[in-house]
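Chemist: after the sequence you'll find the predicted model.
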Number of protein chains: 2
Amino acid sequence: MRIGELSRRTGVSVPTIKFYVREGLLPAGRLTSPNQAAYEETHVRRLRLIRALIDVGGMSVAAVGEVIAAIDDPGRPVHELLGEAAHRMVPRYGDGSAGGDDEGEDAGPGSAEARKRVGTLLDERGWHGYAESPAGQALAVALTALESVGHGRFAEVLDVYADAAERVARVDLEYVAHHVAREELVESVAVGTALGDAVFAALRRLAHTDASYRLFGREGEGEDEGETERAEGV
Amino acid sequence: MRIGELSRRTGVSVPTIKFYVREGLLPAGRLTSPNQAAYEETHVRRLRLIRALIDVGGMSVAAVGEVIAAIDDPGRPVHELLGEAAHRMVPRYGDGSAGGDDEGEDAGPGSAEARKRVGTLLDERGWHGYAESPAGQALAVALTALESVGHGRFAEVLDVYADAAERVARVDLEYVAHHVAREELVESVAVGTALGDAVFAALRRLAHTDASYRLFGREGEGEDEGETERAEGV
């Protein structure tokens, strides 16, 4: 198909398509004349991947470029490919300055206490992984930021979050094992990581609305027994 | 304290502090002479909140400004305040163009099928809320993006995500009810929503590493029985 049809099929403008080709995110079309290129279904698929990662995953063009490079790199062990894809998908964190007063501690982002808590969490749960991994560091930074705004006690509910993350990660991997071909693994991990975050964040907000209504909204109306029970239990 | 000390205490540069004051994110200091202002502990706290939302929550200065405005608005019903704070914290989504081929459908972001699935999910779980809320729309957009890259079947595991979100939202609200004073509610919801997302995303990646190691890493070594069991179960 020509670039105009590719644009219509994907909702991505022609100049943007050309930009992605220049940046190496999208393979060039096959030249059919000096001024015209033909594009295939693989281009449609790739463009949708790029837009999903940018629009819904909130990733930068540069970050998408790194993920695409991993996708296009053939023949590495599955575990390594997945690990690398996951590493590239770690949310960005700041310079750790949210730690505030505690400057001059051991190197590494986040407070020493938060980093220690991440290590303890991995040990206690028996998770294969390292506190110094990008994800471990991102967790330490988030915990440090919570401490810095007076919510250090939030760490007490960390286990509920970890349980939830474990369940979600398990179905993610089961989905991958069931429905994804070897050559699409890295792409699926990238998509699943970015879009799975978006799905969970949206569901958490919907669940907040419900939980807050049950806890604080129109008390005494007792629309269902769960409401009364939960309000009393807190 | 003077602005220099405020800067040292929070790790935020003096020009950035002045920028936040101009943008209305931070109240001005109390003038002690025509060229000098005094800042209080409330400024330290507010600056840490701003940095946490920007650095770890990944929010824009404009979005933080909206949250701060809600925090500074006194005397509305708790449920309403929480709902509004939650609405402001919804992740941004694109123009829905990831839907691709399906243009010209009913108004609203995401595909008609995805929007319907969000409504069904709310009904089936008995969640108080609307598919047309910002969070509902964000979920529809994320599901549409998954469809567009060939992972429509991901919706089959949506219930596991919703269970996890429900548990997390419940402890979030219990934490708020236990540890948060009325005047800090909106601030806590904003912080908890943004940083809770970051905490969960980091934990999900750590859990992915573990799950992928168990599923794909060094098969046959059988380091623990869980590994074998899970690999066979998939």
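Modeler: Received it, and whenever you're ready, just let me know what you need.

Chemist: so what's the gap between the one helix or strand A:Arg204 maps to and the chain middle?
Modeler: Assessed by DSSP states H and E, A:Arg204 sits inside helix A:185-216. Taking C-alpha atoms, centre = their mean, to the nearest Å, one finds helix A:185-216 lying 10 Å from the centre of the chain it belongs to.

Chemist: okay, the angle between that helix and helix B:185-216?
Modeler: For helix A:185-216 against helix B:185-216, the angle by axes from the mean of the first three to the mean of the last three C-alpha atoms, to 10 degrees is 140 degrees.

Chemist: how near is the spatially most central residue of chain A to A:Arg170?
Modeler: Chain A has A:Ala194 as the residue nearest its centroid, 3.6 Å off, counting by C-alpha atoms, centre = their mean. Using C-beta to C-beta, to the nearest Å, A:Ala194 is found at 19 Å from A:Arg170. Heads up, the C-betas are built off the backbone N, CA and C, glycines and all.

Chemist: what of A:Ala202?
Modeler: Note on A:Ala202: its distance to A:Arg170, by C-beta to C-beta, is 21 Å.

Chemist: again, but for A:Gly65
Modeler: Separation of A:Gly65 from A:Arg170 (C-beta to C-beta) stands at 30 Å.

Chemist: neighbour count: those two, which is higher?
Modeler: Counted by other C-beta atoms under 10 Å in any protein chain shown, A:Gly65 and A:Arg170 do not tie: A:Arg170 has more neighbours, with 20 against 15.

Chemist: tell me what whatever helix or strand that one lives in is packed against?
Modeler: If you go by DSSP H and E, A:Arg170 is part of helix A:158-179. Counting contacts by 3 or more C-beta pairs under 8 Å, 6 or more residues apart in numbering or on different chains; DSSP states H and E, helix A:158-179 is packed against helix A:112-125, helix A:185-216, helix B:158-179, helix B:185-216.

Chemist: let's go with 6 Å and repeat that
Modeler: If contacts are counted by 3 or more C-beta pairs under 6 Å, 6 or more residues apart in numbering or on different chains; DSSP states H and E, helix A:158-179 sits against helix B:158-179, helix B:185-216.

Chemist: output those as a markdown table; include the columns mean pLDDT.
Modeler: A markdown table is the format used below for the helices and strands packed on helix A:158-179 (pLDDT from 0 to 100):
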| stretch | mean pLDDT |
| --- | --- |
| helix B:158-179 | 89 |
| helix B:185-216 | 82 |
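
Chemist: give me whichever of those is most buried.
Modeler: Across the helices and strands packed on helix A:158-179, averaging neighbours per residue (mean count of other C-beta atoms under 10 Å in any protein chain shown) puts helix B:185-216 on top, at a mean of 25.

Chemist: how about that one, does it reach chain A?
Modeler: Yes: contact of helix B:185-216 with chain A (C-beta under 6 Å from any C-beta of the partner chain) involves B:191, B:195, B:197-213, B:215-216.

Chemist: just the angle for that helix relative to helix B:158-179, thanks.
Modeler: Helix B:185-216 and helix B:158-179 are oriented at 140 degrees to each other (the same axes, to 10 degrees).

Chemist: and helix B:185-216 with helix A:112-125, angle?
Modeler: Here the directions of helix B:185-216 and helix A:112-125 differ by 40 degrees (the same axes, to 10 degrees).

Chemist: which helices and strands does helix B:185-216 pack with?
Modeler: Counting by 3+ C-beta pairs under 6 Å, 6+ apart, the packing neighbours recorded for helix B:185-216 are helix A:78-88, helix A:134-148, helix A:158-179, helix B:61-71, helix B:78-88, helix B:225-233.

Chemist: so where's chain A uncertain?
Modeler: A:74-108, A:182-183, A:217-234 (pLDDT under 70).

Chemist: appreciated, that's everything.
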